[in-house]
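Enquirer: no sequence on hand, only this structure:
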C-alpha cells in the first residue's frame, strides 16, 4: 500500500472518530440536560429575600420541564401574542416579563435581565395613573414581586447593601389583605403555567387559593377554568366538560 493510501485511510479514520465523539458528546449533553430538568433548579436566595415571593424563589421550589432557552422562546412568543390580543398590562404580561428577567439572569445575561425588569417598572409607573387596571387592583401584590425581583438582581451584581435597603419598602406577606395574598397566589400559579413547570397540581392549587380568597373575582374564575380545561384535554380530550368548569365560565360571562 502506498504512503498516500495509508495517509488517506488514517485521515478518514480520524474524521469518523471525531464525528462519533461529537455525536456522543451531544447525546451526553442532551441526557445531562434532561436529568437536570428532573430536579429543582439550584438558585442561591439571599437570606433577606427568603421570606418574600418572587420568580427566583418560585423557580427553586418546583421542577422545570423546559430549559432557560426554551422558556425564553416560549415567553417571547407569548409577548407577540399579547401585543396583538392584550393591549393592557395583564396578569400574564407582568408574569411573562418578570420570567424573562429571571431566565436571562440565570443564563448570566444581566444586561438583558435588567432591560426586562425596567420594562416592568415602566409599566408599573404607567399603570399607577390609571383606574380599574390589573395593576391598580393588585398593586400590593405586584409591587411585592417586582421589588423582590429587583432586590435579587442587585444581590446578583454584588450590590447587597442596595438590595437590603429596597427590601425595606416591600409589604410583608403577613400584613397583606386577602386581596393582596390572592394576587400573589395567582401570580405564582401563572408563573408555573407560563413556563410549563412540572407542577400542574400546584398551579391549580394556587389558583384555587386565589379564587377562595376572592370568590367574586372574574379574573380568578377565568384562570381557574383555563387550568381545568388544559388538565381535562390532557387527561382525556373526549371527556365531558365538568360542571365546575362550565359553572366558572358561566360566572365569568354573567
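Expert: Looks like it arrived, so ask away. Computed from a predicted structure; not experimentally measured.
Enquirer: can you give me the helices for the stretch 51-200 of the chain?
Expert: Counting by DSSP state H, counting those that start in this stretch, one finds helices in the stretch 51-200 of the chain at the ranges 55-61, 68-85, 91-106, 110-127, 134-137, 139-156, 160-167, 178-194, 200-213.
Enquirer: can you redo the ones you listed as JSON lines with mean neighbour count?
Expert: Every residue, glycine included, has its C-beta placed from N, CA and C. As requested, these are arranged in JSON lines below (neighbours: other CB atoms under 10 Å):
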{"stretch": "helix 55-61", "mean neighbour count": "20"}
{"stretch": "helix 68-85", "mean neighbour count": "14"}
{"stretch": "helix 91-106", "mean neighbour count": "24"}
{"stretch": "helix 110-127", "mean neighbour count": "16"}
{"stretch": "helix 134-137", "mean neighbour count": "18"}
{"stretch": "helix 139-156", "mean neighbour count": "22"}
{"stretch": "helix 160-167", "mean neighbour count": "15"}
{"stretch": "helix 178-194", "mean neighbour count": "23"}
{"stretch": "helix 200-213", "mean neighbour count": "19"}
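Enquirer: I'd like these laid out as TSV, including mean pLDDT and distance to residue 219.
Expert: Formatted as TSV, the entries for the helices of the stretch 51-200 of the chain read as follows, by pLDDT from 0 to 100; distance: least, CB to CB, whole Å:
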stretch	mean pLDDT	distance to residue 219
helix 55-61	95	19
helix 68-85	92	16
helix 91-106	97	7
helix 110-127	96	15
helix 134-137	92	7
helix 139-156	97	12
helix 160-167	97	28
helix 178-194	95	7
helix 200-213	93	9
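Enquirer: contacts for stretch 167-179?
Expert: 48-49, 51-53, 137-138, 140-141, 143-144, 147-148, 151, 180-181, 184, 213-214 (CB atoms under 8 Å, 6 or more residues apart in numbering).
Enquirer: what comes up buried for it?
Expert: Neighbour-count burial for stretch 167-179, counted by 16 or more other CB atoms under 10 Å, picks out 167, 170, 171, 176, 179.
Enquirer: measure the third one to residue 141 for me?
Expert: Which is residue 171. Using CB to CB, to the nearest Å, residue 171 is found at 9 Å from residue 141.
Enquirer: one more: the first one?
Expert: Summarising the geometry, the distance separating residue 167 from residue 141, computed by CB to CB, is 16 Å.
Enquirer: same question, residue 235
Expert: With distances defined as CB to CB, the gap from residue 235 to residue 141 amounts to 31 Å.
Enquirer: same check on residue 201?
Expert: Using CB to CB, which is the criterion applied here, residue 201 is 22 Å from residue 141.
Enquirer: what do you get for residue 85?
Expert: Using CB to CB, one gets 23 Å for the distance from residue 85 to residue 141.
Enquirer: try residue 92
Expert: Using CB to CB, one gets 14 Å for the distance from residue 92 to residue 141.
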